[in-house]
Structures are given as C-alpha cells and as structure tokens.
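[1] Need a 3D model of the following:
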Amino acid sequence: MDKDYGNDYIVRATAAGHQLRAFAITSRNITEEARRIHNTSPVVTAALGRLLTAGSMMGSMMKGEKDVLTLQIECGGPIGSMVVTAGPDGCVKGYAIHPDIVLPPNKDGKFDVSGALGPGFLNVIRDTGLKEPYNGQVHLVSGEIAGDLTYYYATSEQVPSTVGLGVLMDKDNTVRQAGGFIIQVMPDADEEVIDRLEESVNNIKSVTGLLEDGMGPEDILRYIIRKDNVEILEKIPVKYYCNCSKDRFYRAIASLGQNDLQEIVKDGSPVETDCQFCGSHYVFGTEELKKLIR
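    Here you go, the predicted structure:
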C-alpha cells in the first residue's frame, strides 16, 4: 500500500504583534515528484528538494498573479547547477544539471549537499513584469542552502531572517519527509523577541525531525515561536507543476531566425526538444519548420 503523506501546503503567519512574519511548508510531494521526473540520486534529491522548498515559500511572497521567482545556484561542485522557479499560486518546478551524482555521506553521516555544490553563487531573480527583473546574488557561504538563503536575506535585502530546510529519504530512496520555514524579523522588533527567536531556533532539532514527530507547518511555527502568539493568516496549497507546451517551444524555435531554420529544413531531420523541468519531449517535423519560414 502507498504511504499517505497528505498534501503539500504553505502557511503564512505573523507573530509577536506583527514583529515577526513567518512561513512554513510541508513539501514531501513536490520533492518526490522532482525525484521521480529527474531520477535524482539521494544527495541531489536532498539538494533540489531544499531549493524547491525554499522557492515555494519565497514564491508565495510574490504579490502579482504573473510574478515569477527564480532561484539559481551556479557552482563548481559535481551537481553543476540547479534552477527552481515558483509563483504566488503555489506552483513550483526545478531541475539539476547533473541529477545522478553519488557522494558518500559527510562527517555527520548526512547527505553531503555542500560537497555536491562546492563553491559558487546563489542568484535570486524576481520578475514582476517590469522592464528588468530584480536580481540579487551572493556567494554560497555554507552550501547547505538554508544558510545561504539566510545570508542572502541579511546582505541583499537587509531583512534578518532564519531559514530551515530539510529532506529525509526512505530506505528505498523515495522521499519520506521534506519541509522548511522562513522567519523574518521586522524593523520594529523588540530585542526580547529577537533573543527568544534565536534561542528557540538554536535549540530545535532538524525540520525533518519535527515532521517525523507529526508536526505540520502550523505546528512547526508555533513550536519555534512558542512564546510569541502566532497568527495564521493564509494556507496555500503547493504542487510541482510545469507550464511548458509544444506551442512555447515552437515560438522558441521561431526565434532562431530564417537562415538557421532554412539550414535545419535543408538537413531534413526533425527538431527534437526536451523540457528540463518536466522531461516532456516535443518533435517538430520539416513541414512545421517550413511553415515558420513562410
């Protein structure tokens, strides 16, 4: 019998009289869907799952219906790079350039995500429909993704934040648990509130440990911010979703230009393309390409 993990969702909350804003998520299903689509190794599942988890929460912070958040990690480690995109509607997708790398556990016996990434950069791109998207970039300071996002918020957005992310695998290499939280300190926060938050975060066990204890996103926030009243504002369903289509790829091929298209038609072979996010395969025959030329 299949395990019933329930549905993924994000909760958005405020606490300590609006001195803190908080997000928490359970993301087992989107992480497992990414593992299934890309056939990722355990260490890549852990890395990509963390980035998908963070991207989902950060995407939910976007306000416009068509706003898009992109998290991009460019690194020198064997994973190569990872990309995740998400929107305010709870839809998220992502991929790793090298999904099948295998590494031994780190010194703590856990997935060596830092070793998979190596040195590199984290890019946070927000496309809100303006002429130029906002792009913030920081060095990877830990390679564990949560610490890198904490550093990003502090340096690029000047918003003191604490980020927790986790992925736990089963013995059959499917995803057992995945989730995370982002808690941000507002400019008018009292020192006592900040001190209580820091102490609580330092004393909690892993995110996946809390999930294993049966906690949902609401429970996790109330557990971390236990001494400051947590008010749940919104619950957002989350799913792995790719909006690619043959028409989108058709328009991309059209942008090649007439000379390039004529060379492709002259060669006589169909054009085959694959979506990096979901693996969908599209084929364009020479007659379709001739229509583009005309």
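
[2] got the residue ranges for the helices in the chain?
    Along the chain, counting by DSSP state H, helices occupy 28-38, 42-60, 113-117, 146-156, 191-203, 207-212, 217-224, 246-254, 258-267, 286-293.

[3] Select, out of those helices, the one closest to residue 92.
    Residue 92 lies closest, by CB to CB, to one member of the helices of the chain: helix 42-60, at 4.7 Å. Any C-beta I mention is one placed from the backbone N, CA and C, and that applies to glycine too.

[4] export that closest one as CSV, just CAs?
    Taking C-alpha atoms only, helix 42-60 is exported to CSV below (Å, rounded to 0.1, in the frame of the first residue of the first chain):
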residue,chain,number,x,y,z
PRO,A,42,19.7,10.8,-2.9
VAL,A,43,22.1,13.7,-2.5
VAL,A,44,20.7,15.5,-5.5
THR,A,45,17.1,14.8,-4.2
ALA,A,46,18.2,16.4,-0.9
ALA,A,47,19.7,19.5,-2.6
LEU,A,48,17.0,20.0,-5.1
GLY,A,49,14.3,19.3,-2.6
ARG,A,50,15.7,22.0,-0.3
LEU,A,51,15.8,24.5,-3.1
LEU,A,52,12.2,23.6,-4.2
THR,A,53,11.0,24.0,-0.6
ALA,A,54,12.6,27.4,-0.3
GLY,A,55,11.4,28.5,-3.7
SER,A,56,7.9,27.6,-2.9
MET,A,57,7.9,29.8,0.2
MET,A,58,9.6,32.7,-1.5
GLY,A,59,7.3,32.4,-4.5
SER,A,60,4.3,32.7,-2.1
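
[5] a markdown table for the helices of the chain, including mean pLDDT, mean neighbour count and distance to residue 236?
    Below are those laid out as a markdown table (pLDDT from 0 to 100; neighbours: other CB atoms under 10 Å; distance: least, CB to CB, whole Å):
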| stretch | mean pLDDT | mean neighbour count | distance to residue 236 |
| --- | --- | --- | --- |
| helix 28-38 | 97 | 23 | 13 |
| helix 42-60 | 98 | 27 | 5 |
| helix 113-117 | 97 | 23 | 26 |
| helix 146-156 | 96 | 19 | 19 |
| helix 191-203 | 92 | 14 | 23 |
| helix 207-212 | 96 | 20 | 18 |
| helix 217-224 | 96 | 21 | 10 |
| helix 246-254 | 81 | 14 | 25 |
| helix 258-267 | 77 | 13 | 42 |
| helix 286-293 | 75 | 14 | 39 |
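
[6] could I get the ones you listed as JSON lines with distance to residue 166?
    Listed next are the helices of the chain as JSON lines, based on distance: least, CB to CB, whole Å:
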{"stretch": "helix 28-38", "distance to residue 166": "10"}
{"stretch": "helix 42-60", "distance to residue 166": "7"}
{"stretch": "helix 113-117", "distance to residue 166": "11"}
{"stretch": "helix 146-156", "distance to residue 166": "8"}
{"stretch": "helix 191-203", "distance to residue 166": "14"}
{"stretch": "helix 207-212", "distance to residue 166": "4"}
{"stretch": "helix 217-224", "distance to residue 166": "11"}
{"stretch": "helix 246-254", "distance to residue 166": "34"}
{"stretch": "helix 258-267", "distance to residue 166": "46"}
{"stretch": "helix 286-293", "distance to residue 166": "46"}
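
[7] closest to residue 162 out of these?
    With CB to CB as the criterion, residue 162 lies closest to helix 191-203 of the helices of the chain, at 5.0 Å.

[8] Please enumerate residues in contact with the closest one?
    16, 19-20, 160, 162, 164, 183, 185, 224-228 (CB atoms under 8 Å, 6 or more residues apart in numbering).

[9] picking up where we left off before, nearest to residue 279, out of the helices of the chain?
    Of the helices of the chain, nearest to residue 279 by CB to CB is helix 28-38, at 5.4 Å.

[10] Now for the residue nearest the centre of the chain: which residues touch it?
    Central residue of the chain (CA atoms, centre = their mean): residue 52, 2.2 Å from the mean position. For residue 52, the contact set (CB under 8 Å, 6+ apart) comprises 27, 30, 31, 34, 84, 92, 94, 240.

[11] same thing but at 7 Å, please
    Residues counted as contacts of residue 52 (CB atoms under 7 Å, 6 or more residues apart in numbering) are 27, 30, 31, 34, 84, 92, 94.
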